[in-house]
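>>> Task: produce atomic coordinates for the following.
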Amino acid sequence: MSLEFLYYLGNILKMKDSIYLFIYLFNILIAENDNTPDFSYQQSTLQAFYLINEVLIDGNPIEDSDWVIAYKNDVCVGSRQWDTSQCGNGVCDVPVMGDDGSDGTNGYMNIGDIPIFKVYDSSKEELIDMSFYNIDSNSGDFSWKNSSFFSFSELINSNYSFDNNASAFENTATITSIFSDDAYQMGAGDILVAYSNNEIRSIAVSDINEISTGYIFFSSIFLNESIDDLVFKYYNYEYRLIFNIDTSLGINVDDSFGNAQDTIILRVEGNQLGISDDIYKLDSFSIINAYPNPFNPILNIELNIKNSNYLNISIIDINGKEVDKVFEGYKNRGKYHYRWDASKYSSGDYFIILKNLNNDILLEKICLLK
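The predicted structure is shown next:
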């Protein structure tokens, strides 16, 4: 069926009922031309939410028409079209359904399961395997449990690569390096990304060092001219952690730094990984109390801000949609009190969501009971 056919059909059919036939056939045509796979799932009484700050394919944010899907094995247990303009604070979540015993949720998540995430790239019409990472070693266990919220710093494609972007550069340089840290060691599947002015210039995946021992990075740095300040980000696959490397390098076209026997050593000094630095911990702020809970219609929110920061306090519904903003602005460390008037909202479960500029996220479940 084609648009031309429907055009002529609309002109030929003159009876009143023919208009309804035309609309019916037009809707069929639209459905036939929508190639997006079906990512629907059965709504369950048991569910958790996975909030994701950034979703990247080879370093580039995904499009608003793309989808993030959660699976248990091959079963779709949750999905969301990734239009961040429709999400509270620009941070979207994926609702992940659990097996509540009903027929439609058979094979869904159980306590202790970890969901598998994929992205549907609408422009290429392909499903891409993804891996999640965090900047905070205290971010905890991500195994599913009912009524829980989890937060990821980044969701990146498992086959992370710079191949699609390399053609924009005329020259290369090389760096052979290892990551060294007392607590976290290199392993298979680790990734090293090099940046210049926040633009990716290299993505390298760890290789076995055939000459020495352990793992090693062979990085091809793409450039058109000299780079004064090349910086690095390291992804540890075993612990799903992101490390911002202290080392920066100046590099010229055709430079070659390090080799398999004498590598460049990349380190993290102090507490930059959030191992014990408050700036990365979720307890950089905390909810002392949200009362009464259940409430009707006034909720009191008491906060403890441990580090001065820009703070966003919002209310989201059980689908992750922002329904109201309580406060947005800079706050010094200290204790604060806010009130949320829910007079115009319907009864049900909601969540207080706190977020700062470091992308720390804290959630508290509340119940409006009218």
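>>> For the stretch of helix or strand residue 129 belongs to, which strands pair with it and how are they oriented?
Using DSSP states H and E, residue 129 sits in strand 126-133. Partner strands and pairing direction for strand 126-133 (DSSP bridges) are strand 116-121 (antiparallel), strand 149-157 (antiparallel).
>>> most tightly surrounded among those strands?
Ranked by mean neighbour count, these are led by strand 149-157 with a mean of 22 (mean count of other C-beta atoms under 10 Å). Using the backbone N, CA and C atoms, a C-beta is placed for each residue, glycine as well.
>>> neighbouring contacts of that strand?
48-58, 68, 93, 117, 119, 128-136, 139, 142, 191, 235, 242, 351, 359, 361, 363 (C-beta atoms under 8 Å, 6 or more residues apart in numbering).
>>> now those residues: which count as buried?
The neighbour count (16 or more other C-beta atoms under 10 Å) marks 48-53, 55-58, 68, 93, 117, 119, 128, 130-136, 139, 142, 191, 235, 242, 351, 359, 361, 363 as buried among the contacts of strand 149-157.
>>> just the strands in the stretch 51-200 of the chain please.
60-61, 67-72, 75-81, 92-97, 116-121, 126-133, 149-157, 171-180, 191-196, 199-205 (DSSP state E, counting those that start in this stretch).
>>> Let me know which of the ones you listed is the nearest to residue 249.
strand 171-180 (7.4 Å; C-beta to C-beta).
>>> and the closest one, what does it pack onto?
strand 191-196, strand 215-223, strand 249-251, strand 256-257, strand 264-267 (3 or more C-beta pairs under 8 Å, 6 or more residues apart in numbering; DSSP states H and E).
>>> Tell me the strands beside that strand, with direction?
When DSSP bridges is applied, strand 171-180 pairs with strand 215-223 (antiparallel), strand 256-257 (parallel), strand 264-267 (parallel).
>>> Serialize those strands to a markdown table and add fields for mean neighbour count, mean pLDDT and distance to residue 104.
Listed next are the strands paired with strand 171-180 as a markdown table, based on neighbours: other C-beta atoms under 10 Å; pLDDT from 0 to 100; distance: least, C-beta to C-beta, whole Å:
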| stretch | mean neighbour count | mean pLDDT | distance to residue 104 |
| --- | --- | --- | --- |
| strand 215-223 | 21 | 96 | 44 |
| strand 256-257 | 14 | 94 | 57 |
| strand 264-267 | 16 | 90 | 49 |
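>>> okay if I get these as a markdown table plus distance to residue 81?
Conversion of the strands paired with strand 171-180 to a markdown table gives the following (distance: least, C-beta to C-beta, whole Å):
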| stretch | distance to residue 81 |
| --- | --- |
| strand 215-223 | 33 |
| strand 256-257 | 43 |
| strand 264-267 | 37 |
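>>> on that earlier part again, any idea which of the strands of the stretch 51-200 of the chain has the lowest pLDDT on average?
Note on those: lowest mean pLDDT is at strand 149-157, with a mean of 89.
>>> okay, that strand in CSV with CA atoms only?
Only the C-alpha atoms of strand 149-157 are listed here, as CSV (Å, rounded to 0.1, in the frame of the first residue of the first chain):
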residue,chain,number,x,y,z
PHE,A,149,16.2,3.2,42.7
PHE,A,150,19.6,2.7,41.2
SER,A,151,21.8,5.3,39.5
PHE,A,152,24.4,4.9,36.7
SER,A,153,26.8,7.6,35.7
GLU,A,154,27.2,6.3,32.1
LEU,A,155,25.7,3.6,29.9
ILE,A,156,28.1,2.9,27.0
ASN,A,157,28.1,0.4,24.1
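>>> which residues touch residue 53?
91, 151, 152, 153, 154, 359.
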